[in-house]
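S.K.: Below are the sequence and a predicted model; questions follow.
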Amino acid sequence: MKDLSNIMLALDNFTKEELINKLTETKDDFKTIKIGLELFCKHGPQLINEIYDQFKHDIFLDLKLHDIPNTVRKSIKSLEGLPIKFLTIHLSGGEEMIKQAIEQARESLPGVKILGVSYLTSLSENDFDEIWAIKKVDIPKAFGQLFKLAMQTKIDGIVCSASELEIINDLEKGHCQNLIKVCPGIRFKDEIENGDIQDQNRVLDPKNAFMNGADYLVMGRSLTASKNM
Ligand code: C5P
């Protein structure tokens with residue numbers, strides 16, 4: 001891959017020291033880095049400030065907030081002033097939660113793009129059935145419902161598997177909306193062919209993900225575990 005400007009580098013599985021080393025090594029390669037629950041739970045907001053001060057990346061804080069509307073709203077208020085560009089909430093928190101999250105973010109984190117997570121890319125067809133009694137044939141409809149909710153609430157963007165972009169592309173036709181489309185669950189073609197996808201399930205390779213309309217790809221282990229990086 002030549003152009004990495006639309007790749008959000010997911011920094012999981014790192015100690016703080018390893019993280020700083022990785023960012024020092026790759027400083028100019030990636031515009032956006034993603035800090036998830038693992039590092040945030042360990043080091044808190046201080047880490048976000050430190051990274052931003054030292055490296056000036058665009059920071060995607062992937063907290064996937066999912067709670068009652070008031071709790072999500074207050075949690076976002078607690079992030080006030082952090083130098084982040086993207087923040088995730090779960091779309092399945094419902095319309096009121098999404099609206100409260102967006103409203104609070106506009107106040108406390110101006111300029112931050114709120115991204116709604118649809119269904120985790122780690123979930124398999126079996127999980128859809130086991131958790132929600134959604135059969136294989138009804139999975140696209142379930143995505144359609146969440147994407148409609150995303151459009152209704154005028155959230156800035158969505159997080160979904162690149163295989164599901166067709167559903168949102170169809171829904172967007174006829175609406176004057178263009179959500180930012182962020183896709184995790186990315187693996188290189190040979191990794192997919194070899195079944196080297198770890199805990200992910202609904203995966204796609206970078207080329208096809210962009211061809212399907214992804215604006216950004218979230219990539220973690222395929223890059224961070226690579227000896228060439
Ligand atoms: O290492 P890998 O490329 O699988 O990392 C994917 C990253 O994207 C992880 O940080 C994970 O938390 C995040 N993510 C995801 N699926 C979603 C939303 C976020 O894998 N639906």
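M.R.: Looks like it came in fine.
S.K.: what about the residue of the chain found nearest the ligand, distance to E80?
M.R.: Closest residue of the chain to the ligand, Cβ to the nearest ligand atom: G220 (2.5 Å). Backbone N, C-alpha and C define where each C-beta goes, glycine included. The spacing between G220 and E80, counted by Cβ to Cβ, to the nearest Å, is 28 Å.
S.K.: More neighbours: the two, which one.
M.R.: Comparing G220 with E80 by other Cβ atoms under 10 Å, the one with more neighbours is G220, at 19 against 12.
S.K.: Verify the stated contact: that one with D12.
M.R.: Yes: between G220 and D12 there is a contact at 5.4 Å, judged by Cβ atoms under 8 Å.
S.K.: show me what contacts the residue positioned nearest the centre of the chain?
M.R.: Central residue of the chain (Cα atoms, centre = their mean): V159, 4.9 Å from the mean position. By Cβ atoms under 8 Å, 6 or more residues apart in numbering, V159 lies in contact with 88, 115-118, 182-184, 218.
S.K.: what's the burial count for the nearest residue to P140 once chain neighbours are set aside?
M.R.: With sequence-adjacent residues excluded and distances taken as Cβ to Cβ, 6 or more residues apart in numbering, P140 is closest to I167, at 5.7 Å. Close neighbours of I167, defined as other Cβ under 10 Å, add up to 19.
S.K.: OK, contacts around I167?
M.R.: 140, 143-144, 147.
S.K.: List buried residues within the contacts of V159.
M.R.: Buried members of the contacts of V159, counted by 16 or more other Cβ atoms under 10 Å: 88, 115-118, 182-184, 218.
S.K.: what helix or strand is E17 on?
M.R.: Following DSSP states H and E, one finds E17 within helix 16-25.
S.K.: roughly how far is that helix from the heart of the chain?
M.R.: Here helix 16-25 is found 21 Å from its chain centre; the criterion is Cα atoms, centre = their mean, to the nearest Å.
S.K.: helices or strands up against it?
M.R.: Counting contacts by 3 or more Cβ pairs under 8 Å, 6 or more residues apart in numbering; DSSP states H and E, helix 16-25 packs against helix 37-43, helix 45-55.
S.K.: close to the ligand, is that helix?
M.R.: No: interface with the ligand: helix 16-25 contributes nothing (Cβ under 6 Å from any ligand atom), its closest point being 13.1 Å away.
S.K.: can you give me the mean pLDDT across that helix?
M.R.: What helix 16-25 shows for mean pLDDT is 94.
S.K.: L9 reaches I35, doesn't it?
M.R.: No: using Cβ under 8 Å, L9 is not in contact with I35, being 10.1 Å away.
S.K.: Now the element after the strand ranked longest in the chain, going C-ward?
M.R.: Determined from DSSP state E, the single longest strand within the chain is strand 58-65. Downstream of strand 58-65, the first helix or strand assigned by DSSP H and E is helix 69-78.
S.K.: in stretch 192-209, what counts as buried?
M.R.: So stretch 192-209, judged by 16+ other Cβ under 10 Å, has buried residues 192, 197, 200-206, 209.
S.K.: again but with stretch 76-89, I slipped
M.R.: Buried residues in stretch 76-89 (16+ other Cβ under 10 Å): 76, 79, 82-89.
S.K.: which residues are contacting that stretch?
M.R.: Contacts for stretch 76-89 (Cβ under 8 Å, 6+ apart): 8, 32, 34, 45, 48-49, 52, 58-66, 72, 97-98, 101, 104-105, 107-109, 111-117, 157, 159, 182.
S.K.: overlap between the residues you listed and the residues near the ligand?
M.R.: 62, 117, 159.
S.K.: residues in contact with the second one?
M.R.: Shown in contact with V117 (Cβ under 8 Å, 6+ apart): 64, 88-91, 158-160.
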